[in-house]
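1. no FASTA, just this:
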DNA sequence: GCAAAAGTGTTCCAGATACACCCATGT
DNA sequence: ACATGGGTGTATCTGGAACACTTTTGC
């Protein structure tokens, strides 16, 4: 069955740039392309939108189908629509991004992907289409958002130590942060609270565990400046 | 001539939320809809993307065709694609926004619009589709961007007084700003420079004229926080 | 007792805010 | 001379940045 329109229409896809932090490195989830064009290159999970689903639902669906990852909080990044970004024809991609907790994402190859893998953002394989450009924008946005939102908490398990949270900031921002200043600020903001639990791990003092006070909310400071 | 595809495709439009400031009020450019649906309601200028034009070029083209406005610096706002936002079928709208200089925009009704008009954002007629939601997001973005970009300079003529520029900030932010602090900061940032020219107007001391040092550039502080 | 990460306060600086008077012009 | 907006400087506050030692555990 085919579909006919009076005017030509572009194809619309949703893609997902999913970050995580593992072994002190910022990583991004990629899918190896099994077919042309860009066969053998890696790309962000994504695919064509269905006519009755919201954009973000399409992004979630493709992410789940291709990688098995579910339950991450997606945020719209940007829409890419340069005419020749896909050699097969006009494709407009609405791109979402997120920062996922390390363990929570159980990657498995889905039905329509030959392989799924986390890559350190500094050691990337060749990317398909304009996905390098998309990734560059996503990295900047992620780092910027860390400063004034609780997006980092999305990447944490339910309970976590302050050192673990600090490590997320350090990896994404690419620099070290003073421990005392970090703790002071995190607690002052009020987005996390201590649990009555400690984590014993290694030959050292146990670390207090914290949890997000409102795990759903991501933004809160609008900040207008001046 | 018709166009046929194996899978259904959404229609894609680009829309433009164009702000200006006139008579101490923030205004937005709207086009009256001549046909159904939402006949007689007002909407942002916009229309279907062509297959060989970039998204931002589509936005510029539609803006020019429907309102006669050209030469404004557009920035992508967000992509709206909820399935039932347009009763005629699935329509995905990539929305751009800008802040235009007051005089520069010579509005005229274009070929496919019954009427074009600037409305104060606080005295709006009924809007078509989800354009009230779009406008709400655009207002927030505009106010936020004022704080860390030179977008306000886009709304200025080539030469302008500091009082005029301050008025833009006050109108968009919806509050008054201290004159001395404002001038101090604007000059410290270095995005404007004084001309050897003064504006005589009214029964008072003439105002020095300034110009943007680099009128093209809009953003400069990335600000990561922490 | 030693190694290893957790935890904790104070000082300093820069940028933002608050605030009031004189200046140049047209009428 | 007076009304009108243009122009200027200082004191204070606040939030960010720098900085070093003690604590608790496992071995």
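-> Looks like it came in fine. Predicted model only: the values in this text are computed from it and were never measured. Numbers count the residues shown, from 1 in each chain, chains lettered A, B, ... in the order given.
2. need the contact partners of stretch A:171-185.
-> A:19, A:21, A:24-26, A:99, A:142-143, A:146, A:152, A:162-163, A:166, A:169-170, B:224, B:226 (Cβ atoms under 8 Å, 6 or more residues apart in numbering or on different chains). For every residue, glycine as well, the C-beta is placed using N, CA and C.
3. just the ones of those in strands?
-> A:19, A:21, A:25, A:26, A:99 (DSSP state E).
4. neighbouring strands - and their directions - for the worst-scoring helix or strand of chain A on mean pLDDT?
-> When each helix and strand of chain A is scored by mean pLDDT, DSSP states H and E, strand A:115-120 comes last, with a mean of 93. If you go by DSSP bridges, strand A:115-120 pairs up with strand A:25-32 (antiparallel).
5. what comes up buried for the strand it pairs with?
-> A:26, A:27, A:28, A:29, A:30, A:31, A:32 (16 or more other Cβ atoms under 10 Å in any protein chain shown).
6. from memory the fifth one sits against residue A:120, does it?
-> No. Counting by Cβ atoms under 8 Å, residue A:120 is not a contact partner of residue A:30; they are 11.0 Å apart.
7. coming back round to it: of the contacts of stretch A:171-185, which ones also sit close to DNA strand C?
-> A:162, A:163 (Cβ under 7 Å from any atom of the strand).
8. number of nearby residues for residue A:196?
-> 6 (other Cβ atoms under 10 Å in any protein chain shown).
9. surely it is within a helix?
-> No. Counting by DSSP: H, G, I helix; E, B strand; the rest coil, residue A:196 is not found in a helix; it is strand.
10. any idea how far residue A:21 lies from residue A:167?
-> 7 Å (Cβ to Cβ, to the nearest Å).
11. the more surrounded of those two?
-> Remark: of residue A:21 and residue A:167, residue A:21 carries more neighbours, 22 against 15, as counted by other Cβ under 10 Å.
12. list the contacts of the more buried one.
-> Contacts for residue A:21 (Cβ under 8 Å, 6+ apart) come out as A:27, A:99, A:102, A:155, A:167, A:168, A:171, A:172.
13. for it, give the beta-bridge partners.
-> Counting by DSSP bridges, residue A:21 is bridged to residue A:26.
14. how far off centre is the longest helix along chain A?
-> When chain A is parsed with DSSP state H, its longest helix is helix A:131-148. Relative to the chain's own centre, helix A:131-148 is displaced by 10 Å; criterion: Cα atoms, centre = their mean, to the nearest Å.
15. go on, stretch A:199-211?
-> Centre to centre, stretch against its chain (Cα atoms, centre = their mean), the figure for stretch A:199-211 is 27 Å.
16. can you mark which positions in that stretch are buried?
-> Those would be A:207, A:209, A:210, A:211, for stretch A:199-211 by 16+ other Cβ under 10 Å.
17. do it and DNA strand D meet?
-> Yes. Applying Cβ under 7 Å from any atom of the strand, one finds stretch A:199-211 touching DNA strand D at A:200, A:202, A:203, A:204, A:205, A:206.
18. quick check: the farthest pair among these?
-> A:203 and A:206 (11.2 Å; Cβ to Cβ).
19. quick one, domains of chain A?
-> A:11-146, A:151-212 (automatic domain parsing).
20. out of those domains, the one nearest residue B:58 is which?
-> Nearest to residue B:58 among those is domain A:11-146 (8.5 Å), distances taken as Cβ to Cβ.
21. tell me the contacts of residue A:60?
-> Going by Cβ under 8 Å, 6+ apart, residue A:60 touches A:70, A:74.
22. interface residues of chain A facing DNA strand C?
-> Residues of chain A lying near DNA strand C (Cβ under 7 Å from any atom of the strand): A:161-163, A:178-181, A:183-184, A:198, A:202-208, A:226.
23. which secondary structure element contains the spatially closest residue to residue A:192 that is not a sequence neighbour?
-> Nearest non-adjacent residue to residue A:192, counting by Cβ to Cβ, 6 or more residues apart in numbering or on different chains: residue A:210, 4.6 Å away. For residue A:210, the element it lies in under DSSP states H and E is strand A:207-212.
24. chain center to that strand: distance?
-> For strand A:207-212 - counting by Cα atoms, centre = their mean - the centre lies 23 Å from the chain centre.
25. any stretches of chain A with poor pLDDT?
-> A:103-114, A:220-226 (pLDDT under 70).
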